[in-house]
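Chemist: I need the structure of the sequence given here:
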Amino acid sequence: MTVLTKMGVSAADLAIAFEASPNPYLLLTPDLRIADVNQAYVDALGARRADILGQPLFTTFDSGPGENAPENVRQVRASLEKARDTRQRDHLAVVRYAVPRPRADGGEEFEERIWSATHTPLLNAEGEVVLLLQHTTDITDLSPAVRADEPISALDAIIGGSVLRRAQSVQEDNRRLETERNRLVEMFMQAPGFVAILTGRDHCFQMHNHAYAQLIGHRDIAGKPLREALPELAGQGFHEFLDTVFETGEPYEGRESRALLQRTQGGPLETLYLNFIYQPIRDGDGTVVGIFVQGHDVTENVRATQRQKLMIDELNHRVKNTLATVQSIAIQTARSHRDPATFAETFQSRILALSHTHDLLTRTHWEGADLRAMLEHETEAFGPSRISLNGPAIPLSPATALSLGMIIHEFATNAAKFGALSIPDGRVLVDWGLADQRDRKLKLSWREMDGPEVTLPDRRGFGSRLIERNIRHDLAGEIDLVYANDGLIAELTVPLDRTPAQ
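Modeler: Numbers count the residues shown, from 1 in each chain. This next block holds a predicted model:
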């Protein structure tokens, strides 16, 4: 209950007071339509109430045809919209606005007038703007330039012109300050890095820009203390850094600092890396009253550096393994070939087999290789008419692909020298598939047909030892060799869901 209500003043009494006031008043809806006017407003503008109620303000009063009319309208509209949007009273100390006046012949002409206006938002119980109250004062008489047809004294000209100039000057200064402020706020909001202004010992969020909102998952943090707005930061050191800056007045800089933030409501904590600086904000006495936060999300840069280090470490590891493999191939080939010519031929073929698989893996950035692609690489010299490949797509890890590539190369080399591929009509069938989906195992069969009769070798050469080592040691698999009448049959079983020995 208000004081007026206690005094017995009703809404009807207030309406009578509004109508009887000698000051011009105009009530506008939030979309700037005329809701009501008092008699003083009607008298000041010479308009009929019935003609203007419900009409858009700037259609009814457009400031006439003068070249400055659009700017006059813009100033009044900007002041009204500012009062509406900020829910704060706004003043126009001086504004020129022509009003229509009837002529003796029944026509209409626009008369230049100077006004001072105050725009006040009227709020409901929920704090929403329901009406705008415009209070205008005609200050034309203060301007000698406007009333040039009237005799004036020098004192009137000095006093009137001086007051008006001061009012205009103050308004222009305020307008420039407002423009600069809006420009700074716009720059603040559009800054590519995240920016926030914290006030007080509790580090309450006074302002933050779009990048900061994106960083924290667009949470409602305005006016909230940091510990309440971002509770997941507790124990990560950021609260303590801010406390220290506020107490000591010394800035703090973080480089690639790790932060765990909940960027989606109810979601998991995400790991981010931030470069930032906390700068103290001081008042006129030099006392720290807040902290300016500015920084950049460098998560992708940090992760790229981490990935690069992992790749370099992995490359070093692979180079060492490859050199060890080449060394072993060279030593074992030399033991099996006394003739330099045959040594060079065999050694070169095995190195090329290793190179083929390396090429295949390089195409996928060493993330793996498809089994069929690897088989095609190792047997392409014989063509699809001699070697038939049948099986599903099965991705192989890099280590598994390298070991299987060397094994298939040995099978193909032996078949070309002694087996089915050594005669025109010989063929090789390669079939494969997966067994036990819970613990995947590759089942691969190499079957030579229509070749010369084969017999169990009387000694184990390097090829046999390489196959044995790769299957049992590197791949932790099994192999079964059958020397049939018309060709070799090799059955391989290789587990795929394990890390092969390096």
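Chemist: Show me the domain layout of this structure.
Modeler: 17-138, 194-297, 305-495 (automatic domain parsing).
Chemist: Tell me which of those sits nearest to residue 176.
Modeler: domain 17-138 (13.7 Å; CB to CB). The C-beta positions use only the backbone N, C-alpha and C, and glycine is treated the same way.
Chemist: Now for the residue positioned nearest the centre of the chain: which residues touch it?
Modeler: In the chain, the centroid-proximal residue (CA atoms, centre = their mean) is residue 214; its distance is 6.6 Å. By CB atoms under 8 Å, 6 or more residues apart in numbering, residue 214 lies in contact with residue 194.
Chemist: Mind checking what secondary structure it has?
Modeler: Per DSSP: H, G, I helix; E, B strand; the rest coil, the local secondary structure of residue 214 is helix.
Chemist: residues of stretch 287-306 that come out buried?
Modeler: 288, 290-295, 297-299, 302 (16 or more other CB atoms under 10 Å).
Chemist: from those, which is closest to residue 270?
Modeler: Checking the buried residues of stretch 287-306 one by one against residue 270 (CB to CB), the nearest turns out to be residue 299, at 8.9 Å.
Chemist: As a markdown table, the buried residues of stretch 287-306 with secondary structure would be great.
Modeler: As requested, the buried residues of stretch 287-306 are exported to a markdown table (three-state DSSP):
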| residue | secondary structure |
| --- | --- |
| 288 | strand |
| 290 | strand |
| 291 | strand |
| 292 | strand |
| 293 | strand |
| 294 | strand |
| 295 | strand |
| 297 | strand |
| 298 | coil |
| 299 | helix |
| 302 | helix |
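Chemist: Let's have those in CSV, adding distance to residue 400 and pLDDT.
Modeler: Below are these laid out as CSV (distance: CB to CB, whole Å; pLDDT from 0 to 100):
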residue, distance to residue 400, pLDDT
288, 62, 93
290, 59, 93
291, 55, 93
292, 55, 92
293, 50, 91
294, 50, 91
295, 44, 91
297, 38, 92
298, 36, 92
299, 33, 91
302, 32, 89
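Chemist: Residue 116 against residue 93, yeah?
Modeler: Yes: here residue 116 reaches residue 93: they are 5.8 Å apart, a contact under CB atoms under 8 Å.
Chemist: Among the domains of the chain, which one carries the weakest average confidence?
Modeler: Among the domains of the chain, domain 305-495 carries the lowest mean pLDDT, at a mean of 77.
Chemist: what's near enough to touch residue 80?
Modeler: Per CB under 8 Å, 6+ apart, neighbours of residue 80: 28, 32, 57, 90, 119, 132, 134.
Chemist: In strands, which of those fall?
Modeler: Residues of the contacts of residue 80 located in strands (DSSP state E): 28, 90, 119, 132, 134.
Chemist: Identify the residue nearest the first one in space, chain neighbours excluded?
Modeler: With sequence-adjacent residues excluded and distances taken as CB to CB, 6 or more residues apart in numbering, residue 28 is closest to residue 132, at 4.3 Å.
Chemist: measure that neighbour to residue 50 for me?
Modeler: As judged by CB to CB, to the nearest Å, residue 132 and residue 50 stand 21 Å apart.
Chemist: okay, those two: which has more neighbours?
Modeler: Taking neighbours as other CB atoms under 10 Å, residue 132 and residue 50 compare with residue 132 leading, 23 against 7.
Chemist: Correct me if wrong: that one contacts residue 25.
Modeler: No: at 11.0 Å, residue 132 does not count as touching residue 25 under the criterion of CB under 8 Å.
Chemist: In the contacts of residue 80, find the pair that's most separated.
Modeler: 57 and 90 (15.2 Å).
Chemist: Tell me where the stretch 51-200 of the chain has strands.
Modeler: For the stretch 51-200 of the chain, strands defined by DSSP state E, counting those that start in this stretch occupy the ranges 90-96, 99-102, 108-111, 114-123, 129-138, 194-199.
Chemist: what about residue 497, how many neighbours?
Modeler: 11.
Chemist: quick one: it and residue 440 touch, right?
Modeler: Yes: the pair residue 497 / residue 440 is scored as a contact, 5.2 Å apart, by CB under 8 Å.
Chemist: Turn the strands of the stretch 51-200 of the chain into JSON lines, columns for distance to residue 467.
Modeler: As requested, the strands of the stretch 51-200 of the chain are arranged in JSON lines below (distance: least, CB to CB, whole Å):
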{"stretch": "strand 90-96", "distance to residue 467": "89"}
{"stretch": "strand 99-102", "distance to residue 467": "103"}
{"stretch": "strand 108-111", "distance to residue 467": "103"}
{"stretch": "strand 114-123", "distance to residue 467": "87"}
{"stretch": "strand 129-138", "distance to residue 467": "85"}
{"stretch": "strand 194-199", "distance to residue 467": "59"}
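Chemist: how about those, which one is nearest residue 392?
Modeler: Closest approach to residue 392 among these (CB to CB): strand 194-199, 49.1 Å.
Chemist: residues in contact with the closest one?
Modeler: 188, 204-209, 211-212, 214-215, 226, 242, 276, 281, 289-297.
Chemist: 7 Å instead, please
Modeler: 188, 204-209, 211-212, 215, 226, 289-295, 297 (CB atoms under 7 Å, 6 or more residues apart in numbering).
Chemist: What sits closest to residue 213 if chain neighbours are left out?
Modeler: residue 219 (7.8 Å).
Chemist: what are the phi and psi angles of that neighbour?
Modeler: phi -80, psi 160 (degrees, to the nearest 10).
Chemist: what do you get for residue 437?
Modeler: phi -70, psi -20.
Chemist: Can you report how many residues lie near it?
Modeler: If we define neighbours as other CB under 10 Å, then residue 437 has 8 of them.
Chemist: One more: residue 486?
Modeler: Neighbours of residue 486 using other CB under 10 Å come to 16.
Chemist: Verify the contact between it and residue 449 for me.
Modeler: Yes: Residue 486 lies in contact with residue 449 (CB atoms under 7 Å); the separation is 5.8 Å.
Chemist: Give me the distance between residue 433 and residue 371.
Modeler: 10 Å.
Chemist: higher neighbour count, the two?
Modeler: residue 371 (23 against 13).
Chemist: ok, how many other residues are close to the closest residue to that one other than its chain neighbours?
Modeler: Spatial nearest neighbour of residue 371, chain neighbours left out: residue 394 (4.3 Å); criterion: CB to CB, 6+ apart. For residue 394, the neighbour count with other CB under 10 Å is 18.
Chemist: and residue 419, how many neighbours does it have?
Modeler: For residue 419, using other CB under 10 Å, the count is 23.
Chemist: Quick check: phi and psi at it.
Modeler: phi -110, psi -150.
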